[in-house]
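J.: sequence unknown, structure follows:
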Ligand code: S3P
């Protein structure tokens with residue numbers, strides 16, 4: 001059964017999608033992103049899935065997208081920031097090469113800006129929301145990660161280089 005060469009996890013703004021793109025360019029491996037898979041299945045943007053179908057339905061679609069990608073994809077796989085909330089997904093990630101891209105609250109808020117594409121971060125206080133999200137998820141990211149990289153001070157290119165070196169892509 002194919003397994004992804006590397007699975008990227010981490011909070012919004014950690015750089016999962018950008019790093020996945022650069023890793024694909026550097027290694028020639030195919031890149032897959034479970035947010036894009038959900039959007040294709042639901043025929044809506046992630047933001048519209050949240051608004052029209054609700055977070056519960058998004059999480060269900062995401063769980064299925066992650067399970068399918070882990071079973072089918074042998075390249076670079078980027079997961080949505082909240083995919084690790086699902087215990088079944090965390091179980092499925094066991095045995096895979098999982099890189100946790102860590103980002104602090106101030107840098108994560110700066111990188112995500114006020115984008116409405118991220119429905120979970122559009123509240124009245126994005127800093128508090130982001131901090132609560134990090135506090136709740138940090139143990140989950142660490143539970144499944146085989147490698148952790150602090151991205152705060154690194155460019156996307158540098159993060160990709162560290163992954164290539166650490167994972168041996
Ligand atoms: C989410 C992160 C998003 C997307 C959805 C929910 C989250 O992906 O899956 O908006 O719960 O953190 P990114 O991490 O790529 O922004």
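T.: Cool, the structure landed. Predicted, not measured: the structure shown is a model, and the values here were computed from it.
J.: hey, let's count contacts and neighbours off CA atoms from now on
T.: OK.
J.: identify the residues contacting the helix or strand of the chain with the lowest mean pLDDT?
T.: Here the helix or strand of the chain ranked lowest by mean pLDDT, DSSP states H and E is helix 105-112, holding a mean of 92. Contact with helix 105-112 is made by 11, 12, 13, 14, 126, 127, 130, 131, 134, 152, as judged by CA atoms under 8 Å, 6 or more residues apart in numbering.
J.: again, 10 Å this time
T.: Outside of helix 105-112, the residues within contact range by CA atoms under 10 Å, 6 or more residues apart in numbering are 11-15, 102-104, 113, 118, 121, 126-135, 151-153.
J.: that helix near the ligand anywhere?
T.: No. For helix 105-112, no contact with the ligand is found by CA under 6 Å from any ligand atom; the gap never falls below 8.0 Å.
J.: now that helix: how far from the chain's centre is it?
T.: The chain centre lies 15 Å from the centre of helix 105-112; the measure is CA atoms, centre = their mean, to the nearest Å.
J.: next, the buried residues of the helix or strand following it.
T.: Past helix 105-112, heading to the C-terminal end, the next element that is a helix or strand (DSSP states H and E) is helix 126-144. Under the neighbour-count criterion of 16 or more other CA atoms under 10 Å, helix 126-144 has 126, 127, 129, 130, 131, 133, 134, 137, 140, 141, 142, 144 buried.
J.: neighbours around the nearest residue to the second one once chain neighbours are set aside, how many?
T.: In space, and not counting its chain neighbours, residue 127 is closest to residue 109: 6.4 Å by CA to CA, 6 or more residues apart in numbering. For residue 109, the number of neighbouring residues by other CA atoms under 10 Å comes to 20.
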